[in-house]
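*Asks:* Got a sequence here, can you model it:
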Amino acid sequence: VFNNSPDETAYSRMLLNRENISNAAVMIQPSLTAYSFNSIPQAALLDVVSIASDQPQEDAQMIAHGLFPMPRLVVCDQHGSQASFLLAKLNPSASYNNASEMNTGSDVIFTDDASLEVFYQHLQKLAVQIMRKTATK
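*Replies:* The predicted model follows:
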(Lines give C-alpha, C1' and ligand atoms only; values in the text may rest on other atoms or scores of the structure.)
Protein backbone atom coordinates (compact mmCIF):
# COMPACT_ATOMS: atom_id res chain seq x y z
CA VAL A 1 0.00 0.00 0.00
CA PHE A 2 3.03 2.26 0.32
CA ASN A 3 3.17 5.00 -2.31
CA ASN A 4 -0.13 3.91 -3.93
CA SER A 5 -3.59 5.41 -3.98
CA PRO A 6 -6.44 3.33 -2.49
CA ASP A 7 -7.66 2.55 -6.03
CA GLU A 8 -4.21 1.31 -7.11
CA THR A 9 -3.98 -0.82 -3.96
CA ALA A 10 -7.42 -2.37 -4.55
CA TYR A 11 -6.58 -3.06 -8.20
CA SER A 12 -3.25 -4.70 -7.27
CA ARG A 13 -4.92 -6.86 -4.62
CA MET A 14 -7.61 -7.92 -7.10
CA LEU A 15 -4.96 -8.97 -9.63
CA LEU A 16 -2.95 -10.78 -6.96
CA ASN A 17 -5.98 -12.74 -5.74
CA ARG A 18 -6.76 -13.96 -9.28
CA GLU A 19 -3.32 -15.48 -9.86
CA ASN A 20 -1.83 -18.83 -8.91
CA ILE A 21 1.06 -19.13 -6.44
CA SER A 22 3.83 -18.93 -9.07
CA ASN A 23 2.46 -15.80 -10.72
CA ALA A 24 1.71 -14.20 -7.33
CA ALA A 25 5.31 -14.77 -6.23
CA VAL A 26 6.56 -12.99 -9.38
CA MET A 27 4.17 -10.11 -8.66
CA ILE A 28 5.54 -9.83 -5.12
CA GLN A 29 9.17 -10.07 -6.21
CA PRO A 30 9.56 -9.29 -9.95
CA SER A 31 12.54 -10.43 -11.97
CA LEU A 32 15.65 -8.31 -12.31
CA THR A 33 18.49 -8.67 -14.80
CA ALA A 34 22.02 -7.91 -13.66
CA TYR A 35 24.59 -6.63 -16.14
CA SER A 36 28.32 -6.81 -15.70
CA PHE A 37 31.29 -5.80 -17.81
CA ASN A 38 32.85 -9.22 -17.25
CA SER A 39 29.91 -11.57 -17.99
CA ILE A 40 26.62 -11.94 -19.86
CA PRO A 41 23.35 -10.60 -18.35
CA GLN A 42 21.99 -12.90 -15.67
CA ALA A 43 19.06 -13.06 -13.25
CA ALA A 44 19.47 -11.26 -9.93
CA LEU A 45 17.37 -10.89 -6.83
CA LEU A 46 15.34 -7.72 -6.38
CA ASP A 47 17.30 -7.16 -3.22
CA VAL A 48 19.54 -4.48 -1.79
CA VAL A 49 22.55 -6.80 -2.05
CA SER A 50 22.15 -6.83 -5.86
CA ILE A 51 22.93 -3.12 -6.22
CA ALA A 52 25.87 -2.55 -8.55
CA SER A 53 27.21 0.40 -10.49
CA ASP A 54 27.21 -1.23 -13.96
CA GLN A 55 23.47 -1.37 -15.02
CA PRO A 56 22.95 -0.03 -18.61
CA GLN A 57 20.24 2.58 -19.11
CA GLU A 58 19.57 1.83 -22.80
CA ASP A 59 18.49 -1.77 -22.14
CA ALA A 60 16.26 -0.63 -19.28
CA GLN A 61 14.47 1.90 -21.50
CA MET A 62 14.05 -0.63 -24.33
CA ILE A 63 12.61 -3.25 -21.96
CA ALA A 64 10.28 -0.72 -20.30
CA HIS A 65 8.87 0.49 -23.63
CA GLY A 66 8.04 -3.10 -24.59
CA LEU A 67 5.88 -3.73 -21.50
CA PHE A 68 2.18 -3.00 -21.05
CA PRO A 69 1.28 -1.20 -18.91
CA MET A 70 4.52 0.69 -19.21
CA PRO A 71 6.29 0.77 -15.84
CA ARG A 72 7.65 3.90 -14.26
CA LEU A 73 11.38 4.01 -15.04
CA VAL A 74 13.47 6.03 -12.62
CA VAL A 75 17.13 6.46 -13.54
CA CYS A 76 19.24 6.99 -10.47
CA ASP A 77 22.84 6.90 -9.36
CA GLN A 78 23.92 5.23 -6.15
CA HIS A 79 23.56 7.71 -3.28
CA GLY A 80 21.90 10.20 -5.68
CA SER A 81 18.68 12.07 -4.99
CA GLN A 82 16.59 9.56 -6.99
CA ALA A 83 18.09 6.51 -5.25
CA SER A 84 15.33 6.56 -2.62
CA PHE A 85 12.84 5.46 -5.34
CA LEU A 86 14.89 2.33 -5.97
CA LEU A 87 15.61 1.59 -2.32
CA ALA A 88 11.90 1.87 -1.47
CA LYS A 89 11.12 -1.01 -3.84
CA LEU A 90 13.98 -3.34 -2.90
CA ASN A 91 13.83 -6.21 -0.46
CA PRO A 92 15.37 -4.94 2.81
CA SER A 93 17.57 -7.96 3.50
CA ALA A 94 20.43 -5.63 4.47
CA SER A 95 19.03 -3.38 7.15
CA TYR A 96 20.44 -1.64 10.18
CA ASN A 97 19.78 -4.86 12.14
CA ASN A 98 22.35 -6.88 10.16
CA ALA A 99 24.67 -4.21 8.73
CA SER A 100 27.74 -6.14 9.87
CA GLU A 101 26.81 -9.14 7.65
CA MET A 102 26.56 -7.11 4.43
CA ASN A 103 28.73 -7.25 1.33
CA THR A 104 30.98 -4.28 0.68
CA GLY A 105 29.36 -1.75 -1.62
CA SER A 106 25.80 -2.71 -0.62
CA ASP A 107 23.39 -0.13 0.69
CA VAL A 108 21.62 -0.36 4.03
CA ILE A 109 17.88 0.18 4.02
CA PHE A 110 16.70 1.83 7.21
CA THR A 111 13.30 0.23 7.66
CA ASP A 112 11.29 -1.83 10.09
CA ASP A 113 9.66 -3.73 7.21
CA ALA A 114 10.16 -7.48 7.05
CA SER A 115 12.38 -8.89 4.33
CA LEU A 116 10.98 -11.19 1.65
CA GLU A 117 12.58 -14.18 3.37
CA VAL A 118 10.77 -13.39 6.64
CA PHE A 119 7.52 -12.86 4.69
CA TYR A 120 7.83 -16.28 3.02
CA GLN A 121 8.66 -17.95 6.35
CA HIS A 122 5.49 -16.45 7.87
CA LEU A 123 3.49 -17.54 4.83
CA GLN A 124 4.78 -21.10 5.17
CA LYS A 125 3.91 -21.21 8.88
CA LEU A 126 0.38 -20.00 8.15
CA ALA A 127 -0.06 -22.57 5.39
CA VAL A 128 1.07 -25.37 7.73
CA GLN A 129 -1.31 -24.17 10.45
CA ILE A 130 -4.23 -24.10 8.01
CA MET A 131 -3.36 -27.57 6.69
CA ARG A 132 -3.20 -28.95 10.27
CA LYS A 133 -6.57 -27.40 11.15
CA THR A 134 -8.27 -28.83 8.06
CA ALA A 135 -6.64 -32.26 8.61
CA THR A 136 -8.00 -32.51 12.18
CA LYS A 137 -11.59 -31.72 11.11
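*Asks:* I'd like the next helix or strand past the worst-scoring helix or strand of the chain on mean pLDDT.
*Replies:* In the chain, no helix or strand scores lower on mean pLDDT, DSSP states H and E than helix 83-89, which sits at a mean of 71. Counting by DSSP states H and E, the element after helix 83-89 in chain order, helix or strand, is helix 116-136.
*Asks:* From the chain's centroid, how far away is that following helix?
*Replies:* 22 Å (C-alpha atoms, centre = their mean, to the nearest Å).
*Asks:* Could you name the helices and strands sitting against it?
*Replies:* Contact partners of helix 116-136 among helices and strands, from 3 or more C-beta pairs under 8 Å, 6 or more residues apart in numbering; DSSP states H and E: none. Placement of C-beta: from N, CA and C, glycine included.
*Asks:* tell me which residues of that helix are tucked away?
*Replies:* Leu116 (16 or more other C-beta atoms under 10 Å).
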